[in-house]
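Student: this one's sequence-less:
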Ligand code: SAH
C-alpha cells in the first residue's frame with residue numbers, strides 16, 4: 001500500500017492532480033453511454049429493418065459494412081479466442097461475405113455461417129477463390145447450404161432464426177461482428193437465447209458492439225451499450241470487455257455522428273471449462 005502511495009503521489013502536487021483528472025476521465029468515459037443507456041435504447045427500440053431491405057442492399061451493392069481485410073478486433077484478440085486450441089469450430093451469425101471466414105479456415109479452423117443473401121454467399125466464395133457446392137437443407141424449409149470443397153467452410157442461406165443447434169451442433173467460438181448490432185432491436189432477447197444455445201461448454205464468444213448517440217442516427221448498425229450486453233448474456237455468461245476503440249471515421253461522421261466507439265467483449269458460459277487465463 002505504501003509503495004503504491006509513494007508511486008501514486010510521485011512527490012509532486014501536479015502528479016496528484018494528473019491522477020485525479022485521469023480517474024475522472026475514465027469514470028466519465030465509462031459513464032458516457034452507460035449512465036443514460038436505458039433511455040437512449042428507446043430511440044431505436046421500434047426500428048425494423050425488413051429482410052427485403054437487406055436483399056436490396058446487396059442487390060444495389062450498398063454494403064458499406066463489408067471490410068476487404070480481416071477485422072482488426074478479431075486479429076488482435078485471436079489468441080484470447082483460441083485459448084491455445086487448434087481446429088476450433090467457429091460460428092458466424094449474419095456472416096455477409098466477411099473475409100475473416102477464409103482467414104480462420106486457412107489457419108485450420110472450421111467455419112459455419114448464416115446469411116440471408118445468396119448474393120453475399122456466392123460473392124464470398126468467388127472473391128475467396130474457393131469452389132463450392134450448393135444443396136438444399138432438409139430440415140430448414142427453403143434453406144440452402146453452400147460448402148467449400150477446399151476449406152472447411154459451410155454457409156447456410158436462411159433466416160438466422162431458423163437455424164439451431166440441431167442443424168450443426170454447438171461451437172467452440174463465435175465471431176459476432178455486424179450481427180447483434182444489425183438485428184432488429186426488438187429481437188435481441190430471442191437472438192441472445194439462440195446464440196447461447198449454440199455455445200459449447202468451452203465456447204469463447206467474441207462480440208463487437210457499437211456505441212454512439214442513437215438520437216442522431218437510426219441504424220443499422222444499432223447502438224448496443226454494455227448494460228444491454230450484460231442484461232442479455234449476464235445471467236448465463238461471464239463477460240469481459242476487452243477494449244474500447246474510438247472508431248469515428250468519415251463514414252460514421254457522414255451519418256451525423258461526432259462520437260462512435262467500438263467495444264469488444266469476450267463471453268463465456270458460466271461454470272464452463274473456460275477459466276483459461278492467458
Ligand atoms: N457480419 C458481416 C455482415 C454484417 S451486415 C460483416 O461483418 O461484414 C448484416 C448481414 O446480415 C447482411 O449481410 C444481411 O444480409 C444479413 N442478415 C440480416 N438479417 C438476417 C437474418 N435474419 N438472417 C440471416 N442473415 C441476415
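Tutor: Everything's here; your move. Remember, predicted model here, so these are calculated numbers, not experimental data.
Student: C-alpha from now on. contacts and neighbour counts both.
Tutor: OK.
Student: so what's residue 51 up against?
Tutor: By C-alpha atoms under 8 Å, 6 or more residues apart in numbering, the contact list for residue 51 reads residue 116.
Student: quick check: it vs the ligand, distance?
Tutor: Between residue 51 and the ligand the computed distance is 6 Å (C-alpha to the nearest ligand atom, to the nearest Å).
Student: ramachandran coordinates for that residue?
Tutor: phi -60, psi -40 (degrees, to the nearest 10).
Student: for this structure, just list every one of the strands.
Tutor: 89-92, 110-115, 132-136, 144-148, 153-157, 171-176, 199-211, 237-246, 261-269 (DSSP state E).
Student: which neighbouring elements make contact with the longest one?
Tutor: Okay, so that is strand 199-211. helix 72-82, strand 171-176, strand 261-269 (3 or more C-alpha pairs under 8 Å, 6 or more residues apart in numbering; DSSP states H and E).
Student: please work out which of these is packed deepest.
Tutor: Stretch with highest mean neighbour count among these: strand 171-176 (a mean of 23; mean count of other C-alpha atoms under 10 Å).
Student: burial measure for residue 149, as a count.
Tutor: Residue 149 is flanked by 12 other residues according to other C-alpha atoms under 10 Å.
Student: thought it was touching residue 132?
Tutor: Yes - contact status for residue 149 versus residue 132: in contact at 5.4 Å, counting by C-alpha atoms under 8 Å.
Student: near the ligand, which residues of the stretch 51-200 of the chain?
Tutor: Among all residues of the stretch 51-200 of the chain, those adjacent to the ligand (criterion: C-alpha under 6 Å from any ligand atom) are 54, 65-66, 94-98, 114-117, 158-160, 177-179, 182-183.
Student: which ChimeraX command selects the buried ones in these?
Tutor: Entered in ChimeraX, the line below selects the buried ones among these, by 16 or more other C-alpha atoms under 10 Å:
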select :94,95,96,97,98,114,115,116,117,158,159,160,177,178,179,182,183
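Student: in helices, which of the residues of the stretch 51-200 of the chain next to the ligand fall?
Tutor: Among those, the members found in helices (DSSP state H) are residue 54.
Student: so what's residue 243 scoring on pLDDT?
Tutor: We note a pLDDT of 79 for residue 243 in this prediction.
Student: over to residue 64?
Tutor: pLDDT recorded at residue 64 is 95.
Student: cool, residue 27 as well?
Tutor: At residue 27, the pLDDT recorded in the model is 44.
Student: and what of residue 1?
Tutor: Per-residue pLDDT puts residue 1 at 33.
Student: how about residue 39?
Tutor: For residue 39, pLDDT reads 80.
Student: for it, give its distance to the ligand.
Tutor: Distance from residue 39 to the ligand, by C-alpha to the nearest ligand atom: 25 Å.
Student: likewise residue 227?
Tutor: 22 Å.
Student: again with residue 46
Tutor: Distance of residue 46 to the ligand, computed by C-alpha to the nearest ligand atom: 16 Å.
Student: contacts only, for that residue.
Tutor: Residue 46 neighbours (C-alpha under 8 Å, 6+ apart): 185, 186.
Student: again with residue 247
Tutor: Contact partners of residue 247, counting by C-alpha under 8 Å, 6+ apart, are 260, 261, 262.
Student: for the chain, which spans come out with low pLDDT?
Tutor: Within the chain, the stretches with pLDDT under 70 are 1-35, 272-278.
Student: contact partners of stretch 169-187?
Tutor: 44-49, 65, 74, 81-82, 88-95, 188, 191, 197-210, 220-224.
Student: which of these are buried?
Tutor: Buried, going by 16+ other C-alpha under 10 Å: 44, 47, 74, 81-82, 88-95, 188, 191, 198-210, 220-224, out of those.
Student: good, wrapping up.
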